[in-house]
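Asker: could you look at this predicted model? Sequence included:
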Amino acid sequence: MIFLEELTIKNMDEKLSELFKSNNNFEYEYISNNVEETKKIGKCFAKYISKGDIITLNGELGSGKTVFINGLASYFNIENDVCSPTFTIVNEYNTKDFPIYHFDVYRIKNSDEFLEGVGTDYFYNGACLIEWGDEVILDILPKNTIHIDIIKDEENKEKRIFKIWRKL
Ligand SMILES: Nc1ncnc2c1ncn2[C@@H]1O[C@H](COP(=O)(O)OP(=O)(O)O)[C@@H](O)[C@H]1O
Ligand SMILES: [Mg+2]
């Protein structure tokens, strides 16, 4: 069963630590009103990731996938290393404990092309953040993948809904 809970800056730590510790289904929603708030949730998220975690970021161009990863990287003081891997498919950033693999699979056709050209070794060797993951390689992602859907607001240019979910 999936239950929807609201994520606020205040309860974010508690909820995210629960999400990473447990093996349950989850669905949280968080409203970001601007770039800084998106970076904040990314930075908070960063505390809990470790080697072997797979996180997909899904949402149209300009929704904030890379901004989120930038905020996440700021927790490790490596935000200046972050750039969009649209043409390279994967960037590697090093933290003290494990590498972070930042993917953008927008230019990949499907999971067969991903398996041939990239492979799944990255999934075990570091923490993987995959822009466009659900759109392109959903069928080869492990069940415990954490999905982040970012939905833009039609009226407010700076508002985004972040839906963080896992369905086992
Ligand atoms: N609340 C918000 N969160 C994230 N980005 C925002 C927000 N409001 C406006 N933006 C803008 O939207 C764009 C998001 O870009 P980016 O993260 O590169 O998108 P994506 O990687 O999803 O294509 C940036 O230009 C950023 O300034
Ligand atoms: Mg991007």
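Answerer: Cool, got the structure. Note that the coordinates shown come from a computational prediction; the quantities given were computed from them, not determined experimentally. Ligands and ions are numbered 1, 2, ... in the order given.

Asker: identify the residues contacting the closest residue to ligand 2 within the chain.
Answerer: Ligand 2 sits closest to Thr66 of the chain, with a gap of 3.5 Å, by CB to the ion. For the C-beta atoms, the positions are set from N, CA and C on the backbone; glycine is no exception. By CB atoms under 8 Å, 6 or more residues apart in numbering, the residues touching Thr66 are 82, 84, 131.

Asker: in the chain, which residue sits nearest ligand 1?
Answerer: The nearest approach of the chain to ligand 1 comes at Gly64, 2.9 Å away (CB to the nearest ligand atom).

Asker: wait, isn't that residue in contact with Thr38?
Answerer: Yes - using CB atoms under 8 Å, Gly64 is in contact with Thr38, at 5.0 Å.

Asker: can I get whichever strand or helix holds Glu92 in PDB? Just the C-alpha atoms.
Answerer: Secondary-structure element containing Glu92, defined by DSSP states H and E: strand 90-94. What follows is strand 90-94, C-alpha atoms only, in PDB (Å, rounded to 0.1, in the frame of the first residue of the first chain):
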ATOM      1  CA  VAL A  90      27.300   9.700 -17.100                       C
ATOM      2  CA  ASN A  91      29.500  12.000 -14.900                       C
ATOM      3  CA  GLU A  92      31.400  10.700 -11.900                       C
ATOM      4  CA  TYR A  93      31.800  12.800  -8.700                       C
ATOM      5  CA  ASN A  94      33.900  11.600  -5.800                       C
END
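
Asker: alright, I will stop here.
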